[in-house]
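K.L.:
below: sequence and its predicted model.
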Amino acid sequence: MILLALSLLLVACLVFSWTTRDVMGNLSFLGNGSRSARGANGKKSIVDLRPWQTAQALGALAVTAEEKEFARNAQRLADHEVDQAFGSALRQATQQAQHITLKGDALALSRKVSQLQDLIKQDQAEVQRITTELTSPSSSSKDGAPVDAGDLEVAKAQLGLDTDELADANQDLDRATGDQTAQIQAELNAHEAAMRQYDKQVQSGGDIAVVAAKRRGTLAARVKAWFDQRDRYQLLQQALQQTNDDIAKLTAEHNALEARVNAASSAQAASDRAAKLAELKDRSSMNQILGIYDDRIQTTQQLALVYGRWSAQVQRQHSIVLHLIVRSFAVILFIGICMVLLDALVRRLMTYPTIDRRRSQTLRSILQLSIQVAGGLLILLVIFGTPRETPTILGLATAALTIALQDFIIAFLGWFVLVGKNGIHVGDWVEINGVGGEVTEVRLFTTTLLETGTLADKGLPTGRHITFMNGFAIRGKYFNFSTSGQWMWDEISVSLPEKADIHRIVDGIHAVAIQETEQNVRIAEQEWKRGASAAGLGRFSATPVEILSPSGSGINLQVRYVTRASERFDLRNRLYQKIVGLLREPDAAEPASARSGDLLGAKNK
C-alpha cells in the first residue's frame, strides 16, 4: 500500500509538472528551442523578445565581477537588438498598411474613423472655447446664454466618449485590415516600461573570480559552486546557440529583403508620377529596414561574442573551484592519515605500559576515542565550516550535551527522587531491579549498596559493593524494605512425622507465633489502617497463618507471620527455639525435625 501510494503521488507530480510546463516560457533558452516569445503579460508577442529575456535571466545568475560585467554587456546588446527589432517591425507594418486596399467592412470602418477624428477635433475646439469664455470677464455662450462650469464638464465628457469610440474603431479597423502597427507600438511601450523598472533594480559589484572562490572556504560550498557553474555554463551554451540561430535567421531575412529591393530597382519604372513616388518611398523604406537588419546582425554577433567570453570565464572559475575542491579533499586525507598514525602510536605506547593493565586499557580507549572525535570534527569543519550564527552554535552545543550527558542528567534529577519521602537512605535494605542489599552511600549521581545474598539470606553480605547511576533506579523499579513501618511477611517451614500429634503441635506452634508476634500484629494493623485506608487495606489482618500440606515423609507445616525487616532474624530464631522445645516435649510421639535448609526468605506483601 505504501509503494502504491508513493507511485500514485509520483504520477500526480509528473502530470502536474507536464501541465504547468508553460511557466518556464520566460526562460526561453531553457525550453525546447521554440521560436515563439512571450511578453511581460504572458501573451505571445509579435516582436521576438527572446534575446532580452535570455540576457536578463542569465544576468541574475552572474556571481563574480567578471560575470556581471559580461551580463551588463549582454543586456545592453540584447536591449539594443530588441529595440531595432521593434523599429524594423513598425516600419514593415507601416509599409504594409500603406498598400492595403480597403473594401467592405474595412472601408466602412475607415470612414467611421475619419468621422470620429473630425468629431473629436470639434469636441476639442468646444472644450477650448468654453475654457476661454470661463476665464474671460464676460462668460456667455455664442447664443448669448451664460456659460458655467457645468458646460465644460459636459464638453469634456463628450470628448472622452468620442475618444473611446475612436480607439474601439481603430482596433476594429486593425483587425479588419490585419494592421499590426498599434499592437507593435503597445509592445514597445511595455518593453520600455519594463526596461526602466529593471534599470532601477539592477545591482552591480561583486568580487573577482579568485576572491569569490576563496570566500567559499568549505568543501560543501565549493561543491555547490562547482555544480552551479556547470549548470550556468550549460545555460550559456544554450544562449550562445540561440544567438547563433538568430544570426542565421536575420541574415536569411536580410538577404530575402535585399533580393526584393534589387528586383524592385531593376523593374520597369512607373509612368504615373504618384505611382513612381510611392515606389520610391517603398524602396527607401526597404533600404532603411535593410540598414536596421545590418545593425541587428552586427549586434547579435557582438552578443554571441559576449556569451562566448562569458562561457570561457565560467570555465576558468570552474577550474579554480575544482582546484579548491581537490585541496579540501587533500586536507581531509591528511587528517585521516594523522588519525591512523596517532592511533598506531597510542597502540604502540600502550604495548608496554608503566601502569596496571586495567588503567592502560582505559587510557588507551580514551585516547583512541579522543583521536577519532577530534578527526571527525576537523573533517566536518573542512566540509561544512564553523557555524556563524550564535543561536545555531548554542542549539547544536545544547543538543550534543543533552545527548552525551543524558545519563548524568537523569542521575542528577533521580537524586532528588531517591532522597525524597518515598526514596532510599543510608542503612535501608532495598532491592533495585533485582539487586538487593543495604544502602551504604547515596551521592549526587550514584548510589552504592552492600550486596546481600538471595532472598533467604538477606542480611548476610557477599562482600561486594555495587555502585550504579541513580537513573538505573529511576528508569526501573526499587523496593525499600526499611520505609515507614518496615513490615514484611516471613515464613518458616517445619516437617512433622506421620505419627506425631499434629493437632497438638499445630495448636502449640500457633500459640507460640501469636505470643511472639502479638505486639507486631497490633502495631502493623494500626499503621496499615492509618496509611492505606483509602485503598481498602484496613480489612487485612496481620495474624499469623499456619498452612498444612502433605509430603513424602509426613506433614509439612508452614507458618507465616508479620515482622519488622530489621527484627526478622531475631524473631525467626526465637520461634525456632520454642518450636524445637515444643516438639521435644514427652507428649510428642516422635520428635519432628526442623529443616533449616528449607527456610524461605522474607516476602514483602
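P.N.:
Okay, I see it. Predicted, not measured: the structure shown is a model, and the values here were computed from it.

K.L.:
OK, contacts around Gln84?
P.N.:
Counting by CB atoms under 8 Å, 6 or more residues apart in numbering, Gln84 makes contact with 292, 295-296, 299. Backbone N, C-alpha and C define where each C-beta goes, glycine included.

K.L.:
next, format the residues you listed as a markdown table and append pLDDT.
P.N.:
As requested, those are exported to a markdown table (pLDDT from 0 to 100):
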| residue | pLDDT |
| --- | --- |
| Ile292 | 82 |
| Asp295 | 83 |
| Arg296 | 83 |
| Thr299 | 86 |
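
K.L.:
so which of those is the closest to Phe227?
P.N.:
Thr299 (32.8 Å; CB to CB).

K.L.:
quickly list what Thr447 is bridged to.
P.N.:
Beta-bridge partners recorded for Thr447 (DSSP bridges): Val442, Phe468.

K.L.:
now do the contacts for it.
P.N.:
Taking CB under 8 Å, 6+ apart, one finds 418, 424, 432, 439, 441, 467-468, 470, 473 in contact with Thr447.

K.L.:
of the contacts of Gln84, closest to Ala252?
P.N.:
Nearest to Ala252 among the contacts of Gln84, with distances taken as CB to CB, is Arg296, at 12.5 Å.

K.L.:
all strands for the stretch 451-600 of the chain, in order.
P.N.:
In the stretch 451-600 of the chain, the strands defined using DSSP state E, counting those that start in this stretch lie at 461-469, 478-480, 487-496, 545-551, 554-564, 593-594.

K.L.:
confidence-wise, which of the ones you listed is weakest overall?
P.N.:
For the strands of the stretch 451-600 of the chain, mean pLDDT drops lowest on strand 593-594, to a mean of 40.

K.L.:
part of a helix, is Leu235?
P.N.:
Yes: Leu235 sits within a helix when classified using DSSP: H, G, I helix; E, B strand; the rest coil.

K.L.:
for the protein, where's the lowest mean pLDDT among helices and strands?
P.N.:
strand 593-594 (a mean of 40; mean pLDDT, DSSP states H and E).

K.L.:
quick one, which of the contacts of Thr447 are buried?
P.N.:
418, 424, 432, 439, 470, 473 (16 or more other CB atoms under 10 Å).

K.L.:
wait, the second one sits on Gly414?
P.N.:
Going back to what we said before, that points to Ile424. No: with contact defined as CB atoms under 8 Å, Ile424 does not reach Gly414; the gap is 10.9 Å.

K.L.:
now do the shared contacts for these two.
P.N.:
Ala473.

K.L.:
need the helices for the stretch 401-550 of the chain, in chain order.
P.N.:
406-418, 470-475, 502-532 (DSSP state H, counting those that start in this stretch).

K.L.:
weakest of those in terms of mean pLDDT?
P.N.:
Of all these, helix 470-475 has the smallest average pLDDT, which comes to a mean of 75.

K.L.:
and it, what does it pack onto?
P.N.:
Using 3 or more CB pairs under 8 Å, 6 or more residues apart in numbering; DSSP states H and E, the elements in contact with helix 470-475 are helix 406-418, strand 446-452.

K.L.:
hang on, isn't Thr402 packed against Ile409?
P.N.:
Yes: assessed by CB under 8 Å, Thr402 is found in contact with Ile409 at 7.2 Å.

K.L.:
more neighbours: which of the two?
P.N.:
The neighbour count for Thr402 versus Ile409, taken as other CB atoms under 10 Å, is higher for Ile409 (14 against 10).

K.L.:
show me what contacts that one?
P.N.:
Thr402.

K.L.:
with Phe86 instead?
P.N.:
47, 184, 187-188, 191.

K.L.:
one more: Ala85?
P.N.:
47-48, 296.

K.L.:
let me see the mean pLDDT of the helix or strand harbouring it.
P.N.:
Assigned by DSSP states H and E, Ala85 falls within helix 65-98. Helix 65-98 carries an average pLDDT of 79.

K.L.:
buried set for that helix?
P.N.:
Per 16+ other CB under 10 Å, helix 65-98 contains these buried residues: 65-75, 77-93.

K.L.:
could you point out which element follows it?
P.N.:
helix 105-135.

K.L.:
which secondary structure elements does that next one contact?
P.N.:
helix 149-177.

K.L.:
these two touch, right, Trp52 and Arg76?
P.N.:
No: counting by CB under 8 Å, Trp52 does not reach Arg76; the two are 10.3 Å apart.
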